[in-house]
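Q: quick check, what structure comes out for this input:
(2 chains)
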There are 2 protein chains.
Amino acid sequence: MTARAIAAAVSSLEAAFGERLSRHEAVREQHSHTVAGHAGQWPDAVLFARSTDEVAEAVRTCARHRCPIVPFGIGSSLEGQVNAPLGGVSIDLTQMDRVLAINAMDMDVRVQPGVTRRQLNEELRATGLFFPIDPGADASLGGMAATRASGTNAVRYGTMKDAVLAVEAVMADGRVIRTGGRARKSAAGYDLTRLLVGSEGTLGIITELTIRLHGIPEAVAGGICSFRSIGDACRAATDCLLHGIPVARIELLDDVQVRACNAYSDCSLPEQPLLLLEFHGSEASVDEQSGQFEAIAHQHGAENFAASSDPDERTRLWKVRHDAYWAARALMPSADVTITDVCVPISRLAECVEATQADIAESGITAPIVGHVGDGNFHCIALAPKHDAVLAETILEFSRRLSQRAIDMGGTCTGEHGIGQGKCDYLLAEAGDAVLTMQAIKRALDPDNILNPGKIFSPSQGGAYDGSDSSSAMTALTS
Amino acid sequence: MTARAIAAAVSSLEAAFGERLSRHEAVREQHSHTVAGHAGQWPDAVLFARSTDEVAEAVRTCARHRCPIVPFGIGSSLEGQVNAPLGGVSIDLTQMDRVLAINAMDMDVRVQPGVTRRQLNEELRATGLFFPIDPGADASLGGMAATRASGTNAVRYGTMKDAVLAVEAVMADGRVIRTGGRARKSAAGYDLTRLLVGSEGTLGIITELTIRLHGIPEAVAGGICSFRSIGDACRAATDCLLHGIPVARIELLDDVQVRACNAYSDCSLPEQPLLLLEFHGSEASVDEQSGQFEAIAHQHGAENFAASSDPDERTRLWKVRHDAYWAARALMPSADVTITDVCVPISRLAECVEATQADIAESGITAPIVGHVGDGNFHCIALAPKHDAVLAETILEFSRRLSQRAIDMGGTCTGEHGIGQGKCDYLLAEAGDAVLTMQAIKRALDPDNILNPGKIFSPSQGGAYDGSDSSSAMTALTS
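A: Sure thing, here's the model as predicted:
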């Protein structure tokens, strides 16, 4: 992976693709732009691909020169997934943005990877179907699959792991494969679909997806409820699941986050820990669910549960929730932002959130908490003034403690943001020797490590792609 | 993999494990016994393992000698998965049969691989939780994970792909890894759990599983309904899903199968295509679901829909369904049995079942049809008198046409039985070049091909494990 090899690959791509290969600084900068945390590392060039054949041709060219390739959706990943630490070519898939086939009877849809989640739901409008997975950004479906994204509806509808039925992918040698199929289940060979979902572009570039949809529920009701303590809010959420209430959304905001939302979105929510809920089903069922939850909330000391089936009010509330990240940022304009993303078994949720809140207080940092608590998943949005190295180090230590706390509780260092560049060490702490198996798969499918190098596995983890064998990774792991 | 190397491995294991390593003919025969179709191919010896450490030790010994290993649960797989075509050692996991931890609050359980599905539900009895996945046999959970099993409840509760949260597995070099975790979701690295589930013992031996459970529903109602034609029955099933009825079970029996069940189970069901249903939910919800389905059934010409919430009657009916395989066998005692297992998108279900029934008639074979039609999955239980080579060939040709029909409709050659020895060629037809990717993973994780060799990939598929590279597999694929 020398600069010369990359230059040769870029020249070759330029000859083939003309103006759709860009070396402009602004374009390169934009393609390493991340929403939070990681400093941008520019690719040498950006290719705007228009078809699977073009992606395959570009990969073959890069493979010949051993030039790194970084697949790019809309660049909303949070752990540096679109950065180009070794340079190379960013392949922008946003022009592959067509919905190819809606199969209403099978409740599935075939799309190109650049289709975004909102675009898909727009195109589904007339069908009575919807796609429930909603990360904060209006992300591309290819990127969402690559990072195993989820969002607020996962407690009921699952994550991209559950939504993706099949993919077409360009592998490291330029070969195009199709995994999975449109049947609702299969026992035919290795589950390559689930292997590619969450592989963050390190095993193949997803160029087409078949996605499972859901029927728009007959009735939707919203609920909102404040609690005296964050532990009470978490315990109410956990009880909701234990009672088998098929809640569609159950989101936690801590008091700091509520204050931030009040200021940013001009509302006047009680500045206490808050749960926002949504119930899907028949008219009778959503009433039943809402009533059951209200009883649980009362048991945990909440007094102001309010239900609403008014669509405008619901939309407004969920806009407040979706803007929570920007509201948190507005607490400290132009701050550096670190977003954590742990997920624990729900039996440990209250304990983990309470310990984390105490840690935030002791650390003296500003870090509002928001969570998809039905999954046991929550984020701290930690803010530090730029160039405050001491506070940055404090936040780093806090993040480390939080990841270790989640892992110690049987949880994970990332519920939905992925490993990227930011969590390679935590992956090692969490998965242990299984990382060696992951690396063996990576080496088998991408022996020259051209697909999104430096993601999931850090270069320090045994330098597994420079010709050394797994024993060196083992040394790194145990040393 | 010479006989001498295997003998050396067996001697070494005998020295370490004493009487728990058996060379008895009856034991070896029993460990290659399959319920249907495939002729037994005996292992050279059977090891009864009692712990992960013992499995790891045995694998290390076999790896040293390059001796094949066949993991064994209860031997109820249907595609020759426990056969030992190259000899070697069968590792019997039935003595690893402890439920290690029930986490009621997280609705999960940690078990050893030899625990069977009925044993698990017995042990869960006091918790209000249950494990829904029910293949025909009382299979072991390790075997069910390895073959990505499902059963009658999959339409509502998913398959082993969805149920398994985490595994511990012994890899081909004897290393023990842990994949996944107890959090409800994770974005941490490659999804090795889903890679091992369905890998049929070819990538690792599952020595522990963490499994997701479900709350026992407040109310359960059964339903039964005859139809004039099998197409009508399929269309009613499909409509049930399209209307979003969260049916827990929806099973099809064709008229031939109903006659077989009447004779075998001494009942008097109308000898027409039949749907058996089950609804789970609150009292109000199961009534609503049952009523909605009845209306749909009427639209498709059914007149005798009967609902029942009597547990004894339900149990009796589902026993009839679970005995369908034995009832079909009783149609032709001591026949050779071929069980097909296709799964198609539900939009193509009626068409596929009708075409298959016509094919059965034209072929002049006896092959009752049963199906988990909510998944688009159905089986034909084809019977031929022993030593009738002509009829056996006719059934083989019928099976080939059926698999191709399912694949042509966007479906799969196996919904739940796996590839094993029986469907390697169909996998190639279905997955194309993706098989090369599967083989590359197999080579990376088991370079000497000691884990369940001859399963999923047939030796003729490029001889991918004898040192040749993937290009020969490509040749096999395209020739």
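Q: stretch A:232-241 near chain B at all?
A: Yes - against chain B, stretch A:232-241 shows contacts by Cβ under 8 Å from any Cβ of the partner chain at A:238, A:241. The way it works is simple: take the backbone N, C-alpha and C, and place the C-beta from them, glycine included.
Q: please compute how far that stretch lies from its chain's middle.
A: The chain centroid and the centroid of stretch A:232-241 are separated by 24 Å, computed with Cα atoms, centre = their mean, to the nearest Å.
Q: residues of it that come out buried?
A: Buried residues in stretch A:232-241, counted by 16 or more other Cβ atoms under 10 Å in any protein chain shown: A:232-241.
Q: alpha carbons of the longest helix along chain A, in CSV - could you do that?
A: Secondary structure of chain A read by DSSP state H shows that its longest helix is helix A:389-408. Output in CSV follows, covering the C-alpha atoms of helix A:389-408 (Å, rounded to 0.1, in the frame of the first residue of the first chain):
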residue,chain,number,x,y,z
ALA,A,389,-6.7,18.1,26.6
VAL,A,390,-7.4,17.4,30.3
LEU,A,391,-11.1,17.1,29.9
ALA,A,392,-10.7,15.1,26.7
GLU,A,393,-8.5,12.6,28.6
THR,A,394,-11.2,12.5,31.4
ILE,A,395,-13.8,11.7,28.9
LEU,A,396,-11.7,9.0,27.3
GLU,A,397,-11.2,7.4,30.7
PHE,A,398,-14.9,7.7,31.4
SER,A,399,-15.7,5.9,28.1
ARG,A,400,-13.2,3.2,28.9
ARG,A,401,-14.8,2.6,32.3
LEU,A,402,-18.3,2.6,30.7
SER,A,403,-17.4,0.1,28.1
GLN,A,404,-15.8,-2.2,30.7
ARG,A,405,-18.8,-1.8,33.0
ALA,A,406,-21.1,-2.9,30.2
ILE,A,407,-18.8,-5.8,29.2
ASP,A,408,-18.6,-6.9,32.9
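Q: other residues contacting that helix?
A: Outside helix A:389-408, the residues within contact range by Cβ atoms under 8 Å, 6 or more residues apart in numbering or on different chains are A:336, A:338, A:340, A:342-344, A:352, A:355-356, A:359-360, A:363-365, A:367, A:380, A:382, A:384-385, A:412-413, A:423, A:426, A:429-430, B:183.
Q: low-confidence stretches in chain A?
A: Counting by pLDDT under 70, chain A contains low-confidence ranges at A:1, A:35-36, A:460-479.
Q: try it again at 80.
A: Chain A contains residues with pLDDT under 80 at A:1, A:33-37, A:459-479.
Q: the helix or strand hosting residue A:143 near chain B at all?
A: Under the criterion DSSP states H and E, the helix or strand holding residue A:143 is helix A:141-146. No - using Cβ under 8 Å from any Cβ, no contact is recorded between helix A:141-146 and chain B, whose separation bottoms out at 10.3 Å.
Q: and the residue of the stretch 1-150 of chain A nearest chain B?
A: Nearest to chain B, among the residues of the stretch 1-150 of chain A, is residue A:105, at 3.9 Å (Cβ to the nearest Cβ).
Q: now do the stretch 151-300 of chain A
A: Taking Cβ to the nearest Cβ, the stretch 151-300 of chain A has residue A:194 as its residue nearest chain B, at 3.6 Å.
Q: count of neighbours near the residue nearest to that residue when sequence neighbours are not counted?
A: Nearest residue to residue A:194 in three dimensions, chain neighbours excluded: residue B:194, at 3.6 Å (Cβ to Cβ, 6 or more residues apart in numbering or on different chains). If you count neighbours by other Cβ atoms under 10 Å in any protein chain shown, residue B:194 ends up with 25.
Q: kindly report the same for residue A:15.
A: 10.
Q: give the helix, strand or coil label for the residue of the stretch 151-300 of chain A closest to chain B.
A: helix (DSSP: H, G, I helix; E, B strand; the rest coil).
Q: I'd say it and residue B:191 touch.
A: Yes - using Cβ atoms under 8 Å, residue A:194 is in contact with residue B:191, at 4.7 Å.
Q: what residues do those two have in common as contacts?
A: residue A:161.
Q: gap between residue A:334 and residue A:387?
A: Residue A:334 sits at a distance of 11 Å from residue A:387 (criterion: Cβ to Cβ, to the nearest Å).
Q: can I get the buried residues of stretch A:232-241 in TSV with secondary structure and distance to residue A:10?
A: Listed next are these as TSV, based on DSSP: H, G, I helix; E, B strand; the rest coil; distance: Cβ to Cβ, whole Å:
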residue	secondary structure	distance to residue A:10
A:232	helix	57
A:233	helix	52
A:234	helix	51
A:235	helix	56
A:236	helix	55
A:237	helix	50
A:238	helix	53
A:239	helix	57
A:240	helix	54
A:241	helix	51
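Q: returning to what we had before: narrow the contacts of helix A:389-408 to those in helices?
A: Checking the contacts of helix A:389-408 against DSSP H, those in helices are A:352, A:355-356, A:359-360, A:363, A:426, A:429-430.
Q: which residues of the stretch 251-400 of chain A lie near chain B?
A: A:282, A:284-285, A:288, A:341, A:343-347, A:375-377.
Q: drop anything exposed from those residues.
A: Among these, those scoring as buried are A:282, A:285, A:288, A:341, A:343-347, A:375-377 (criterion: 16+ other Cβ under 10 Å).
Q: tell me which two in those residues are the farthest apart.
A: Greatest spacing in those, by Cβ to Cβ: A:282 and A:341 (34.4 Å).
Q: returning to that earlier point: enumerate every residue touching the residue of the stretch 1-150 of chain A closest to chain B.
A: Contacts of residue A:105 by Cβ under 8 Å, 6+ apart are B:238, B:242, B:345-347.
Q: on that earlier part again, identify the residues contacting the helix holding residue A:143?
A: Contacts for helix A:141-146 (Cβ under 8 Å, 6+ apart): A:71-74, A:76-77, A:81, A:93, A:96, A:111-117, A:120, A:133, A:135, A:149, A:160, A:164, A:167, A:196-201, A:206-207, A:209, A:211.
Q: and the next element down the chain from that helix?
A: Toward the C-terminus from helix A:141-146 - assigned by DSSP H and E - lies helix A:154-157.
Q: can you tell me the helix or strand for residue A:17?
A: Going by DSSP H and E, residue A:17 is in helix A:3-17.
Q: please list the outside residues in contact with that helix.
A: A:21, A:23, A:44-45, A:47, A:54, A:57-58, A:61-62, A:64-68, A:87-89.
Q: give me the buried positions along that helix.
A: A:5-6, A:8-10, A:12-14, A:17.
Q: do stretch A:256-263 as well
A: A:256-262.
Q: show me the helices in the stretch 151-300 of chain A, by range?
A: A:154-157, A:160-163, A:192-196, A:230-242, A:255-265, A:283-299 (DSSP state H, counting those that start in this stretch).
Q: packing partners for the second one?
A: Spelled out, that is helix A:160-163. strand A:204-212 (3 or more Cβ pairs under 8 Å, 6 or more residues apart in numbering or on different chains; DSSP states H and E).
Q: give me the number of residues near residue A:381?
A: Quick note: residue A:381 (other Cβ under 10 Å) scores 25 neighbours.
Q: before we move on, what about the one 10 residues further on?
A: By the measure other Cβ under 10 Å, the count of residues near residue A:391 is 19.
Q: what's the separation between it and residue A:398?
A: Counting by Cβ to Cβ - residue A:391 and residue A:398 are separated by 10 Å.
Q: excluding its backbone neighbours, what's nearest residue A:454?
A: residue A:85 (4.2 Å).
Q: pretty sure that neighbour is touching residue A:452, no?
A: No - using Cβ under 8 Å, residue A:85 is not in contact with residue A:452; the gap is 9.8 Å.
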